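Novice: structure here, sequence nowhere to be found:
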């Protein structure tokens, strides 16, 4: 039986212009990655200052300098449409690597913030 | 194998009226150019503050967006000019939203899910030329970076 689940991975940005490199692992039963979305406890900082590279299974899906705001959704987007659609890609080894960079922007003032990466993926529940 | 990929180009703008011309080299393995996205990073200089709303009537006043410049792309084949976009700072998220005096809509709370502008252009062009022209009228010095994302579809082996 297959089931869609959503998992959250978090990184903390504690200093301005900080770069955080982190690799997360999906469940071994993951079969397809359907989409992802970025959120933060301080949305304005993520919107104005965030950039990231995202790799899945060693393959680059979003390159360096790709702005975080392009992967965010507003509250006026229907819940079922909030994830950026990746079209159901195979997870391979299940490793999701994010290299997040905080970049100065004149429209924001830095305070420490949290970045959350949500991944929507399909798992095979028949595999133990 | 990845079917789609994106190339990023940053265009620094430091002077009023500046024109920047840049090339996007399309790799050989690309089948089509399928989309373009844009972004903006404000480096320095002042921009008008967002209007604050005090009553419901204020939500019916349209706040003019601030246009920073024009971005165009052309190819050297028959398609020629294939993309044109104004780079703007949006100031009208609160228009017609009666809850705005209590919960002021901001781009980071009320933006829609951003998607690239769809384009279908043969990857055989190998080179696309972009031009950005700043039109922001400000006497004070300013600097910003326009970020252009070109989405490409690879050939399938």
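Specialist: In hand now; what should we look at? The structure displayed is predicted, hence computed values, not measured ones. Residues are numbered from 1 along each chain as shown, chains lettered A, B, ... in the order given.

Novice: in its sheet, what does the least confident helix or strand in chain A by mean pLDDT sit against?
Specialist: Lowest mean confidence among the helices and strands of chain A (mean pLDDT, DSSP states H and E): strand A:84-89, at a mean of 92. The pairing partners recorded for strand A:84-89 under DSSP bridges are strand A:30-40 (antiparallel).

Novice: show me what the strand it pairs with is in contact with.
Specialist: A:2, A:4, A:26, A:46, A:50, A:52, A:54, A:56, A:68, A:71-73, A:82-91, A:94, A:113-124 (CB atoms under 8 Å, 6 or more residues apart in numbering or on different chains). Every C-beta, even on glycine, is put in place using the N, C-alpha and C of the backbone.

Novice: sorry, back to before: how distant is the least confident helix or strand of chain A from the center of its chain?
Specialist: In terms of CA atoms, centre = their mean, to the nearest Å, the centre of strand A:84-89 is found 12 Å from the chain centre.

Novice: rewinding a little: in helices, which of the contacts of strand A:30-40 fall?
Specialist: Counting by DSSP state H, the contacts of strand A:30-40 place residue A:46 in helices.

Novice: okay, now residue B:83: neighbour count?
Specialist: For residue B:83, the tally of surrounding residues (other CB atoms under 10 Å in any protein chain shown) stands at 21.

Novice: go on, the one 10 residues further on?
Specialist: Taking other CB under 10 Å as the criterion, the count of residues near residue B:93 is 20.

Novice: need the pLDDT of the residue in chain A that chain B sits nearest to.
Specialist: Using CB to the nearest CB, residue A:47 is the residue of chain A that sits closest to chain B, at 3.5 Å. Residue A:47 is assigned a predicted lDDT (pLDDT) of 95.

Novice: could you say which helix or strand holds the residue lying closest to it once chain neighbours are set aside?
Specialist: For residue A:47, ignoring the flanking residues on the chain, the nearest one in space by CB to CB, 6 or more residues apart in numbering or on different chains is residue B:108 at 3.5 Å. Secondary structure from DSSP states H and E places residue B:108 in helix B:107-110.

Novice: quick check: mean pLDDT of that helix?
Specialist: 86.

Novice: what's it packed up against?
Specialist: In terms of contacts (3 or more CB pairs under 8 Å, 6 or more residues apart in numbering or on different chains; DSSP states H and E), helix B:107-110 is packed against helix A:43-49.

Novice: OK, contacts around the most centrally placed residue in chain B?
Specialist: By CA atoms, centre = their mean, chain B has its centre lying nearest to residue B:38, at 3.2 Å. The contact partners of residue B:38, taken as CB under 8 Å, 6+ apart, are B:71, B:85, B:87, B:146-149.

Novice: got a winner among the residues you listed for most neighbours?
Specialist: Compared across the contacts of residue B:38, residue B:87 has the highest neighbour count, 24 neighbours, by other CB under 10 Å.

Novice: per-residue confidence at the closest residue in space to that one that isn't next to it in sequence?
Specialist: Distances taken as CB to CB, 6+ apart put residue B:68 closest to residue B:87, at 4.7 Å, once the chain neighbours are dropped. As predicted, residue B:68 sits at a pLDDT of 95.

Novice: and residue B:68, which of the three is it?
Specialist: Here residue B:68 is recorded as strand under DSSP: H, G, I helix; E, B strand; the rest coil.

Novice: distance check, it against chain A.
Specialist: 13 Å (CB to the nearest CB, to the nearest Å).

Novice: how many other residues sit next to that residue?
Specialist: Count around residue B:68 with other CB under 10 Å applied: 22.

Novice: ok, it touching residue B:90?
Specialist: No - using CB atoms under 8 Å, residue B:68 makes no contact with residue B:90, being 11.2 Å away.

Novice: can you pull the poorly scored residue ranges out of the chain?
Specialist: In the absence of a named chain, chain A is used. Within chain A, the stretches with pLDDT under 70 are A:127-128.

Novice: nope, chain B
Specialist: The low-confidence ranges in chain B, as defined by pLDDT under 70, are B:1, B:157.
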